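A.B. asks: Here is my input; please provide its structure:
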Amino acid sequence: MSDLFLDTEVRWNVPFVARRCAESGYDDKTLECIFWVEVFPEAIGNMLQVAGEWAVLALNKAALIKRADAGKMLWHRRRLCGWMVESVWRSVCAVTQWLRPLDEPLRTQFVDTLHLCGRHYFETPGTPIPDIWIETANTTHEILSDVWQHYESVCRSMLLDNEAPTHDDRAAAVRRLYTS
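C.D. replies: This next block holds a predicted model:
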């Protein structure tokens, strides 16, 4: 979950975070509590720095446990800064629902396909597709269209206000992955 607080593009990591949530065995209510009560207060500071961590966040394990034991939300901080991660977290929750019922091989295939779609969607539309993405598109081609039909609205919900007008171009770029 802390990957959502890095000082870099995190929207294409939604499938990987959702996979961990789906595999955790925790129900939705528990995941919501872990995110907002434990991880959010510990990790949001990284997004408030001028130059935050962009690779891996080292969270204070003792602080996480203390918050988990207390079970109290810092509402003022969530009201003030929650908007910074709300849409990405909601997207993780939606994808977690899709991944839970899948067996391991199919879950892996879905995560790879979702990542490919998200990565291509959030990159500049029209940029050439890297060879590694073409490889993934070829191996997941049979589900790419179906996955994108579900994931398109999730990706759209994560667009920033100034990016919203570019949705059609972004979606068309992803569709070209499975129509070409």
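A.B. asks: Quickly find the element holding the nearest residue to L31 once chain neighbours are set aside.
C.D. replies: Spatially, and ignoring its direct neighbours in sequence, L31 is nearest to C21 (5.3 Å; Cβ to Cβ, 6 or more residues apart in numbering). The way it works is simple: take the backbone N, C-alpha and C, and place the C-beta from them, glycine included. Secondary structure assigned from DSSP states H and E places C21 in helix 14-24.
A.B. asks: for the record, mean pLDDT for that helix?
C.D. replies: Regarding helix 14-24, the rounded mean pLDDT is 97.
A.B. asks: Equivalent analysis for stretch 82-94, please.
C.D. replies: Mean pLDDT, stretch 82-94: 95.
A.B. asks: What are the buried residues along it?
C.D. replies: For stretch 82-94, the buried set under the neighbour-count rule, 16 or more other Cβ atoms under 10 Å, comprises 85, 88-89, 91-94.
A.B. asks: ok now that stretch, how far from the chain's centre?
C.D. replies: Remark: stretch 82-94 is offset 8 Å from the chain centroid, using Cα atoms, centre = their mean, to the nearest Å.
A.B. asks: Count the residues that sit near S157.
C.D. replies: Residues contacting S157 under the criterion other Cβ atoms under 10 Å number 12.
A.B. asks: Verify the stated contact: it with S87.
C.D. replies: Yes - with contacts defined as Cβ atoms under 8 Å, S157 counts as touching S87 at a distance of 5.6 Å.
A.B. asks: what's downstream of the helix-or-strand element of the chain with minimal mean pLDDT, the next helix or strand?
C.D. replies: Of all the helices and strands that make up the chain, the one with the lowest confidence by mean pLDDT, DSSP states H and E is helix 131-139; it has a mean of 66. Scanning the chain past helix 131-139 towards its C-terminal end, the next helix or strand to appear is helix 141-157 (assignment: DSSP H and E).
A.B. asks: what's the angle between that next one and helix 14-24?
C.D. replies: Direction vectors for helix 141-157 and helix 14-24, defined by axes from the mean of the first three to the mean of the last three Cα atoms, to 10 degrees, enclose an angle of 100 degrees.
A.B. asks: Quick one: classify H115 as helix, strand or coil.
C.D. replies: Look at H115: counting by DSSP: H, G, I helix; E, B strand; the rest coil, its state is helix.
A.B. asks: what secondary structure does T8 sit in?
C.D. replies: coil.
A.B. asks: Low-confidence ranges, this structure, go.
C.D. replies: For the chain, the stretches with pLDDT under 70 are 53-54, 73-76, 124-140, 180.
A.B. asks: Tally up the residues packed near M158, please.
C.D. replies: Counted by other Cβ under 10 Å, the residues lying close to M158 total 19.
A.B. asks: how's this protein carved up into domains?
C.D. replies: 1-96, 102-180 (automatic domain parsing).
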